[in-house]
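>>> Mind folding the following:
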Amino acid sequence: MKKIAVFSDIHGNYQALDAILNDIKKYNYDEVIFLGDAIGIGPEPYKCLDRLLKSNITYIYGNHEMYILEGHDNFSNIKESAKLHHKWTENETKTLHSELKKRMIKDKIIENVKFMHYQFDDNGYILRPNDYPTIEYLDNIYNNINQEYITFGHSHVAHCNIGKKHYYCLGSSGCVHDYETFYNEVTIDNGNVLFKKHYIKYNREEFINTVNKTDFPLKKFMCDVFFGIKVK
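A predicted model of the protein is given here:
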């Protein structure tokens, strides 16, 4: 039997990340897996990325890691207004890029479970997220994966679907609108897979203070939509 802690999409919310990693320490997990997007959207991309790279965590890359390492200009689906934000994130984290390249992996397979950020297109880029997918959509994009259970992030809306395979979208642990964040415990035992969600408190007041004192492109939009914070 294996017990794994897994979470995704921190997006610059260091206080949520800190709470998750501190809670995980209370348990004897065989492995901790992060499914990508430590950066982008939130105010502290450097601190989040630095903390993850200094920890003994399996780091699967997301689209926001790809943006800073491969250049956001290579992604045709990024709006011009968002490129300033990605450039800011790239500059904030540039001293960590070399280590990030060494640590990141595309996916991780443990028995009959595949962990990934999301499915890739024919050019090797991560597809746009679908927050409310149909079974037919999931069966189609994950058709070439052999594992029975597919665990991913990217979409910030958690959902669980069963089609040709079992699909578990964990949602975003950083883009939360209240005082709780979360991570998932995955138990794998002789082909049986059980998911359990751990909800934990994080220091939202400190996060809001950090937002208010940090200037970054698209701040008002990002904070309102992704964190439920109104800034002036």
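>>> Need the three-state assignment for the closest residue in space to Pro45 that isn't next to it in sequence.
Nearest residue to Pro45, sequence neighbours excluded (CB to CB, 6 or more residues apart in numbering): Ile39, at 3.8 Å. C-beta coordinates here come from the backbone N, C-alpha and C atoms, glycine included. With DSSP: H, G, I helix; E, B strand; the rest coil as the basis, Ile39 sits in coil.
>>> Touching, Ile39 and Thr89? I think so.
Yes: counting by CB atoms under 8 Å, Ile39 touches Thr89, with 5.3 Å between them.
>>> Mutual contacts of the two, please.
Jointly contacting Ile39 and Thr89 under the rule CB atoms under 8 Å, 6 or more residues apart in numbering are 12, 45, 64, 68.
>>> Look over these and name the one with the lowest pLDDT score.
In this model, the minimum pLDDT among the shared contacts of Ile39 and Thr89 belongs to Ile68 (86).
>>> buried ones in the helix or strand where that residue lies?
Using DSSP states H and E, the element containing Ile68 is helix 63-70. Neighbour-count burial for helix 63-70 flags 63-68 (criterion: 16 or more other CB atoms under 10 Å).
>>> Pull the distance from that helix to the chain's centre.
13 Å (CA atoms, centre = their mean, to the nearest Å).
>>> Could you check the angle whatever helix or strand comes next after that helix makes with helix 63-70?
Downstream of helix 63-70, the first helix or strand assigned by DSSP H and E is helix 80-93. In terms of direction (axes from the mean of the first three to the mean of the last three CA atoms, to 10 degrees), helix 80-93 departs from helix 63-70 by 70 degrees.
>>> same for the helix or strand that comes right after helix 80-93, what does it pack against?
Following helix 80-93 in sequence order, the next helix or strand is helix 97-103 (DSSP H and E). Judged by 3 or more CB pairs under 8 Å, 6 or more residues apart in numbering; DSSP states H and E, the packing partners of helix 97-103 are helix 45-53, helix 63-70.
>>> low-scoring pLDDT stretches of this structure, where are they?
Across the chain, the ranges flagged by pLDDT under 70 are 72-77.
>>> Let's see that with 90 instead.
67-84, 121-125, 190-191, 231-232 (pLDDT under 90).
>>> hey, where'd the strands end up in this structure?
Secondary structure of the chain (DSSP state E): strands located at 2-7, 31-34, 58-59, 107-110, 113-116, 149-152, 159-162, 166-169, 180-189, 192-201.
>>> closest one to Thr93 among these?
strand 58-59 (13.6 Å; CB to CB).
>>> Noted, bye for now.
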